[in-house]
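> Give me a 3D structure for the following:
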Amino acid sequence: MKIAVLSRNSNLYSTRRLVEEIKSAGHEAITVDHSLCDLIIEQEGPSIIYRGQKLEGFDAIIPRIGASVTFYGTAVVRQFELMGAFSAVNSQAIVRSRDKLRSLQILSKAGLGMPKTAFTNFSKGGEKQLIEQVGGAPLIIKLLEGTQGLGVVLAETKKAAQSVVEAFHGLKARIIVQEFIKEAKGADIRAFVVNGKVVGAMKRQGAEGEFRSNLHRGGVATVIKLSRLEKQAALNAAKALGLDVAGVDLLQSARGPLILEVNSSPGLEGIEQATGVNIAGEIIKYVTEGVKKKSFKRDKNQ
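The predicted model follows:
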């Protein structure tokens, strides 16, 4: 099989591991920087030009689309899909998961546990009501476009919360206000889902005095065995958003597991090092099975 890893940096741990596992499985691996792809749309059908060459004959792609290039990256994924390639992550599922508000709306509709969240237009004087809707301070304020813990603020008092919300609104920045789960104690769980199974899970503990548990911000990861409810919550969240490969972030609370976020391009370094599980290998197994199933359906319909 000929498999492309869509990544802007071939030296990243996740990209390197996926390429290693593709080659280990006996397939051809090519890293494609999706930001350098030109999409050709014409009557003869869709095509992609990359560094002056036409990309052809790909059986599958594994998207590693960064948040800063979601629009163009998903357009490239969609083009590959239209050209017949199997994608480890569906283009529409990437779009759904990247929109924090939309993904929370979908998870809420699916009846999944989550911190109470409020969103409003830039309504002048509505800051107090917004804060009260999630139970008052302390609370979390998040930029809708934030990643890796950036654009996330803990407001410990109502006055501080009101000031931060007013400041963001003054900048016309889209934010959500979220209930603070005190009993989580600055920790969360990352469950890695591949093809309807949790293949690995880790607990991430924030650095001393840090409420964010992101490994990029000094958090420490340790392996964890999920409870039945935590495992089911992770699987249900990935399914609700249509993601066959996902990193589901959960909080442990007094009322059960709460979904924080579902990531369509979860990093492999932290989870592989914490668990010792070959997560990249699990993704490649899923991709090769997906290509075979797609080929079987195509042959059956001919």
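> Find the residue ranges of the protein scoring beneath the pLDDT cut-off.
123-126, 146-149, 207-218, 296-302 (pLDDT under 70).
> how about the helices in it?
Counting by DSSP state H, residue ranges of the helices within the chain are 13-24, 70-82, 91-98, 100-109, 127-133, 158-170, 228-240, 269-275, 279-301.
> who wins for proximity to residue 205 among those helices?
The closest approach between residue 205 and any of the helices of the chain, judged by Cβ to Cβ, belongs to helix 269-275 at 11.2 Å. C-betas here are computed from N, CA, C, even on glycine.
> Could you list every helix and strand in contact with that closest one?
Counting contacts by 3 or more Cβ pairs under 8 Å, 6 or more residues apart in numbering; DSSP states H and E, the secondary-structure elements packed against helix 269-275 are helix 13-24, strand 187-194, strand 197-205, strand 220-223, helix 279-301.
> who's in contact with that helix?
Residues outside helix 269-275 that contact it (Cβ atoms under 8 Å, 6 or more residues apart in numbering) are 13-14, 17, 190, 192, 200-202, 204, 215, 221-223, 247, 277-280.
> buried sites along that helix?
270, 271, 272, 274, 275 (16 or more other Cβ atoms under 10 Å).
> Could you measure from residue 219 over to residue 187?
The gap separating residue 219 from residue 187 is 8 Å, by Cβ to Cβ, to the nearest Å.
> Correction: the previous question concerned residue 42.
When distances are taken as Cβ to Cβ, residue 42 and residue 187 turn out to be 52 Å apart.
> How about residue 142?
If you measure residue 142 against residue 187 using Cβ to Cβ, the figure is 18 Å.
> who's more crowded, these two?
With other Cβ atoms under 10 Å as the criterion, residue 142 and residue 187 differ in neighbour count, and residue 142 comes out ahead with 22 against 18.
> quick one, what contacts that one?
Residues near residue 142 by Cβ under 8 Å, 6+ apart: 100, 151, 152, 153, 175, 176, 178.
> Among these, which pair sits farthest apart?
Looking across the contacts of residue 142, with Cβ to Cβ as the criterion, the two at the greatest separation are 100 and 153, at 14.6 Å.
> Could you measure from residue 264 over to residue 155?
Note on residue 264: its distance to residue 155, by Cβ to Cβ, is 28 Å.
> Residue 235 too?
Going from residue 235 to residue 155 by Cβ to Cβ gives 33 Å.
> Mind checking which of those two has more residues around it?
Between residue 235 and residue 155, counting by other Cβ under 10 Å, residue 155 is the more crowded of the two (20 against 17).
> on that earlier part again, same list (the helices and strands packed on helix 269-275) but as TSV, adding distance to residue 105.
What follows is the helices and strands packed on helix 269-275, written out as TSV (distance: least, Cβ to Cβ, whole Å):
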stretch	distance to residue 105
helix 13-24	28
strand 187-194	20
strand 197-205	24
strand 220-223	29
helix 279-301	27
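> just those: most buried one?
Stretch with highest mean neighbour count among these: strand 187-194 (a mean of 24; mean count of other Cβ atoms under 10 Å).
> so that one versus helix 279-301, what angle?
Angular relation of strand 187-194 and helix 279-301 on a 0 to 180 degree scale: 40 degrees, by axes from the mean of the first three to the mean of the last three Cα atoms, to 10 degrees.
> what's the distance between strand 187-194 and the middle of its chain?
Once both centres are worked out by Cα atoms, centre = their mean, to the nearest Å, strand 187-194 turns out to sit 11 Å from its chain's centre.
> before we move on, what about stretch 4-21?
In this view, stretch 4-21 has its centroid 17 Å away from the chain centroid, taken as Cα atoms, centre = their mean.
> For residue 266, give me its contacts.
The neighbours of residue 266, taking Cβ under 8 Å, 6+ apart as the test, are 190, 192, 245, 246, 247.
> so how many other residues sit close to the residue nearest to residue 12 when sequence neighbours are not counted?
Taking Cβ to Cβ, 6 or more residues apart in numbering as the measure, residue 12 lies nearest to residue 64, with 7.6 Å between them; neighbours along the chain are not counted. By the measure other Cβ under 10 Å, the count of residues near residue 64 is 24.
> surely residue 64 meets residue 6?
Yes. The criterion here is Cβ atoms under 8 Å, and residue 64 meets it with residue 6 at 5.8 Å.
> Near the closest residue to residue 49 other than its chain neighbours, how many other residues are there?
Once its chain neighbours are removed from consideration, residue 49 has its nearest residue in residue 38; the separation is 4.2 Å (Cβ to Cβ, 6+ apart). By the criterion of other Cβ under 10 Å, residue 38 has 13 neighbours.
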